[in-house]
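Chemist: the following comprises the amino acid sequence and a computationally predicted model.
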Amino acid sequence: MSHAPAIPILVSFSGGKDAAWTLHRLQQSSHYRPIGLLTTLEDGAQVALHGLRREVIAAQARALGLPLLEAPMPDRADNLAYEGAFATALELARLRWPGLAHIAFGDIFLADIKAYRDQVCGRLGWTAVYPLFGADSRSLADAMIAAGLKARICCIDSERLSADFLARQFNRSLLDQLPPDIDPCGEYGEFHTCVFDGPMFQHPIAIERGASSLYRNRFLRADFRLPASD
């Protein structure tokens, strides 16, 4: 009995743990075949909110063994600018992979965000896929850590979390010390992460912490970068 071929799929990739775990889930699936990563970059230089440099995202993509498609957009882009950049990137993806029509996101339980993505993707003729949606956040976080995913917090919402959490490794000790009103995966935007190793990686990447800075008067970001080459 023959099986249907796996459906090629893009992964929306921020450089964080949820995006990386989404890729891992798809890699384990017989239904989908991840073929590339799509990242939106403010000023073509860094991921919004996360603040991850383009060079770090590119290093992650190399370690993941997948091509990276970039969607540059203006700094502090509104939804209209984001949607334009996203649409252009998807058009380029289809030129590279004719017939491609699926893209995966790492959302866990925010129904309004899912509805927005479904609406945008549907208008562009794409199907959005959510491998993590509906999962319990703590169970999901524990599964990531148990599987060897390694990440550090690159951004915190300073109105929700203490600056002491910035740049810490995402591990069980961290989870146990998070305030009770903070989601274990930061699904409400309480924190964002930079992944540097895990079962989805072909090899780990090295990252170094640079200076911290305040973004949009609220989000404290650590400037992770690649080590300087000799």
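Modeler: Received the coordinates, thanks.
Chemist: helix or strand right after the helix or strand hosting Val195?
Modeler: Element membership of Val195, judged by DSSP states H and E, is strand 191-197. Per DSSP H and E, the first helix or strand lying C-terminal to strand 191-197 is strand 208-215.
Chemist: given the next helix or strand after that next one, what are its sheet partners and their directions?
Modeler: In the C-terminal direction, the helix or strand that comes right after strand 208-215 (DSSP H and E) is strand 219-225. Here strand 219-225 is paired, per DSSP bridges, with strand 150-157 (antiparallel), strand 208-215 (antiparallel).
Chemist: what mean pLDDT does the first one have?
Modeler: Over the span of strand 150-157, the pLDDT mean works out to 98.
Chemist: mind giving me the packing neighbours of the strand or helix carrying Arg25?
Modeler: Taking DSSP H and E as the criterion, the element that holds Arg25 is helix 17-28. Counting contacts by 3 or more Cβ pairs under 8 Å, 6 or more residues apart in numbering; DSSP states H and E, helix 17-28 is packed against strand 7-12, strand 32-42, helix 54-64, strand 102-104, helix 137-146, strand 191-197. From N, CA and C alone the C-beta is placed, and that goes for glycine too.
Chemist: of all these, which lies closest to Ala128?
Modeler: Closest to Ala128 of the helices and strands packed on helix 17-28 is strand 102-104 (Cβ to Cβ; 6.0 Å).
Chemist: and the contacts of the closest one?
Modeler: Residues from elsewhere that reach strand 102-104, judged by Cβ atoms under 8 Å, 6 or more residues apart in numbering: 7-12, 22-23, 26, 32, 34, 38, 90, 121, 126-131.
Chemist: how about that strand, which residues are buried there?
Modeler: Burial within strand 102-104, assessed by neighbour count using 16 or more other Cβ atoms under 10 Å, is assigned to 102-104.
Chemist: between the residues you listed, which sits nearest Met144?
Modeler: Top of the list for closeness to Met144, among those and by Cβ to Cβ, is Ala104 at 16.2 Å.
Chemist: what's the span of stretch 98-117, first residue to last?
Modeler: Here the two ends of stretch 98-117 are set 22 Å apart, with distance taken as Cα to Cα, to the nearest Å.
Chemist: and the biggest helix by length in the chain, what does it pack onto?
Modeler: Ranked by number of residues, the top helix in the chain under DSSP state H is helix 79-96. The criterion is 3+ Cβ pairs under 8 Å, 6+ apart, and the helices and strands that helix 79-96 contacts are strand 32-42, strand 68-73.
Chemist: list the buried residues of the longest one.
Modeler: Across strand 32-42, burial judged by 16+ other Cβ under 10 Å covers 32, 34-42.
Chemist: any chance of these in a markdown table, plus distance to Arg62 and pLDDT?
Modeler: A markdown table is the format used below for the buried residues of strand 32-42 (distance: Cβ to Cβ, whole Å; pLDDT from 0 to 100):
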| residue | distance to Arg62 | pLDDT |
| --- | --- | --- |
| Tyr32 | 22 | 98 |
| Pro34 | 15 | 98 |
| Ile35 | 15 | 98 |
| Gly36 | 13 | 98 |
| Leu37 | 11 | 98 |
| Leu38 | 16 | 97 |
| Thr39 | 13 | 95 |
| Thr40 | 19 | 93 |
| Leu41 | 16 | 93 |
| Glu42 | 22 | 91 |
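Chemist: make CSV out of the residues you listed and add distance to Arg117.
Modeler: Below are the buried residues of strand 32-42 laid out as CSV (distance: Cβ to Cβ, whole Å):
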residue, distance to Arg117
Tyr32, 17
Pro34, 18
Ile35, 19
Gly36, 18
Leu37, 16
Leu38, 12
Thr39, 15
Thr40, 13
Leu41, 18
Glu42, 19
